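1. fold the stuff below for me.
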Amino acid sequence: MQQARQRPSLVPSGFVVESAYFEGDKAVIAVRATGSVGLCPSCGTVSRRVHSRYRRRVTDLPLSGRIVQLLVIARRFRCNAVLCGRQIFTERFAEGVLAPSARRTARLDSIVHHLGLALGGRPAAGFARRLMLPVSKDTLLRVIRRRSRPSADPLRVIGIDDWAWRRNHRYASIICNLERRRAVTLLPDREPATAQARLAAHPTIAIVARDRGGGYGEAAAKALPHAVQVADRWHLMENASRAFLDAVRKSMRQIRGAIGATTIDSKLLTAAERLQYEGYLRREETNATILTLSKSGTPIKQIVRQTGHSRKLVRQVIRGELHDVFRTRQSSLDQHLPWLDDQWAEGCRNGAELWRRLGARGFRGSLRVVAEWATRRRRAEKADVENLHRIPSARTIARLMTVGRDTLSKAETVTVAAIEARVPTLVEAREIIAEFHLMIRRRAAAELSPWIERARASLVASFARGVTNDEAAVRAAITLPWSNGQTEGQITRLKLVKRQMYGRGKIDLLQARLIGAE
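-> Okay, the predicted model is just below:
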């Protein structure tokens, strides 16, 4: 028999090399354990009585571009304990070297696990083949699930938010440890009962950062009545900006009158704009009918039945949140208008010719767009050009009123000045929103109550009511350093992992990859 030789760098610790040879493209190394005794896995009794031997083929780390298989000569022992129910047991190896019934060494299994965490199933399997680590995509996913361990860190400050499993159809929730900056668990839905059950299992939680939705706030209040809830500062700023945009939309009639775009001559409209204008007239008629019924004392449910419109639309019209304003369509020609004006002044009045010249300048739009512009320009020369004065959208007006004046053009400055002079309530709403943003940035919680009193009598009263209903969480967001930004970052990581698996990973696999990678 060949003399046994130890290769610490060649095989895992605790083994002695008996022989080595090549078998095709594989390197086979016969090894045996260095110990002479075995421990019974049932009773722990030490045994030296060898019953028999058998061979196990175990895959190990590759060597010089070859797959390595360990031919482990394992022993079976007899248990000497009289009361033990196991008479014969197989040899156990050192912890972290080779697990019972394993077909891979522990060090190879660790690499397989990290490949699966980083790349998923099929991509990791393809990369493993190039590393001479033969493993299937299903095995990689099984290893990820088997080695996943829930976080055991005590929770004190957490963030909770929802994420889209399938947008507009199915949502789930994520809980993060804000102190350790890591995800803790994933919940299969965003129902308050599910979040309440999970939060109740961690009574050590003292601070809960959440978005401004009522579901998580209700769950945290019931499960952790002693915990401080913190509204997300980014959502507060975004909701305030959206409230000003809603105020602009409510004031579009006054804005239209302020900038002199109150009349529309349908004869000057193109065919597509005429269809749009007819739709605007129909919506105006609908709004007028709903307002007439509401003023006569008809309840909302009855208005819905009589008009056939949705309850949401009826409520928006009655509350003044839905005002249609007709404006000519924005087009891809906006950046080419100065050049088109010059060509028109030089005498080029043919739409097709203008389109061909624009194409040479890099324009990728269709002939119809240029032809409609030429038609509108030709008709405008026969009538009052002011009748075609373009009114910006509500979003554009909101942006013009909130950005710095030094970034506006002369025409935009005139437009903003006209709106400010004719619609003072909108200027007040802008100042109130600016004060709220400044209060958040300066962490001035003492200014919150006076701000609420002022905002209640303005165009952003609905936003002020929402802040009042959630005043404790908003005040905590101003004073405390915690917010839900970390949670949003973890959701971004989660979406990346989900897309790597083409959106087909189940929640346990997503959780194993998200938490295991940390």
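2. from here on, contacts and neighbour counts on C-alpha atoms
-> Fine.
3. where exactly do the helices run in the stretch 51-200 of the chain?
-> Remark: helices assigned in the stretch 51-200 of the chain by DSSP state H, counting those that start in this stretch are 106-119, 122-130, 137-147, 192-200.
4. roughly how far is the last one from the heart of the chain?
-> This points to helix 192-200. 21 Å (C-alpha atoms, centre = their mean, to the nearest Å).
5. tell me where this protein is predicted with low confidence.
-> 1-9, 260-273, 320-331, 379-390, 517-518 (pLDDT under 70).
6. so where's the longest helix in it?
-> helix 271-295 (DSSP state H).
7. what is that one packed up against?
-> helix 300-307, helix 311-319 (3 or more C-alpha pairs under 8 Å, 6 or more residues apart in numbering; DSSP states H and E).
8. buried ones in that helix, by neighbour count?
-> By 16 or more other C-alpha atoms under 10 Å, the buried positions in helix 271-295 come out as 273, 276-277, 280, 284, 286-287, 290-291, 293-294.
9. and it with helix 311-319, angle?
-> 80 degrees (axes from the mean of the first three to the mean of the last three C-alpha atoms, to 10 degrees).
10. hmm, residue 194 is touching residue 187, no?
-> Yes. With contact defined as C-alpha atoms under 8 Å, residue 194 counts as touching residue 187 (7.4 Å).
11. need the helices for the stretch 401-518 of the chain, in chain order.
-> Under DSSP H, counting those that start in this stretch, the stretch 401-518 of the chain gives helices at 410-422, 424-442, 448-455, 461-469, 471-479, 485-500, 507-516.
12. okay if I get those as CSV plus mean neighbour count and distance to residue 132?
-> Below are these laid out as CSV (neighbours: other C-alpha atoms under 10 Å; distance: least, C-alpha to C-alpha, whole Å):
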stretch, mean neighbour count, distance to residue 132
helix 410-422, 15, 65
helix 424-442, 18, 55
helix 448-455, 16, 64
helix 461-469, 17, 60
helix 471-479, 20, 53
helix 485-500, 18, 23
helix 507-516, 21, 23
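13. of those helices, which is nearest residue 64?
-> Ranking the helices of the stretch 401-518 of the chain by proximity to residue 64 (C-alpha to C-alpha) places helix 507-516 first, at 30.2 Å.
14. kindly calculate the angle that that closest one makes with helix 485-500.
-> 120 degrees.
15. before we move on, the earlier item: so which of the helices and strands packed on helix 271-295 is nearest residue 149?
-> helix 311-319 (46.3 Å).
16. hmm, who's touching the following helix or strand past the closest one?
-> Later in the chain than helix 311-319, the nearest helix or strand by DSSP states H and E is helix 337-345. For helix 337-345, the surrounding residues in contact (C-alpha atoms under 8 Å, 6 or more residues apart in numbering) are residue 354.
17. relative to residue 488, how far out is residue 498?
-> 15 Å (C-alpha to C-alpha, to the nearest Å).
18. quick check: nearest residue in space to residue 428, chain neighbours excluded?
-> Distance criterion C-alpha to C-alpha, 6 or more residues apart in numbering; nearest residue to residue 428, sequence neighbours excluded, is residue 458 at 7.3 Å.
19. residues near that neighbour, how many?
-> 17 (other C-alpha atoms under 10 Å).
20. list the contacts of it.
-> Residue 458 is in contact with 425, 428-429, counting by C-alpha under 8 Å, 6+ apart.
21. perfect, I'm done here.
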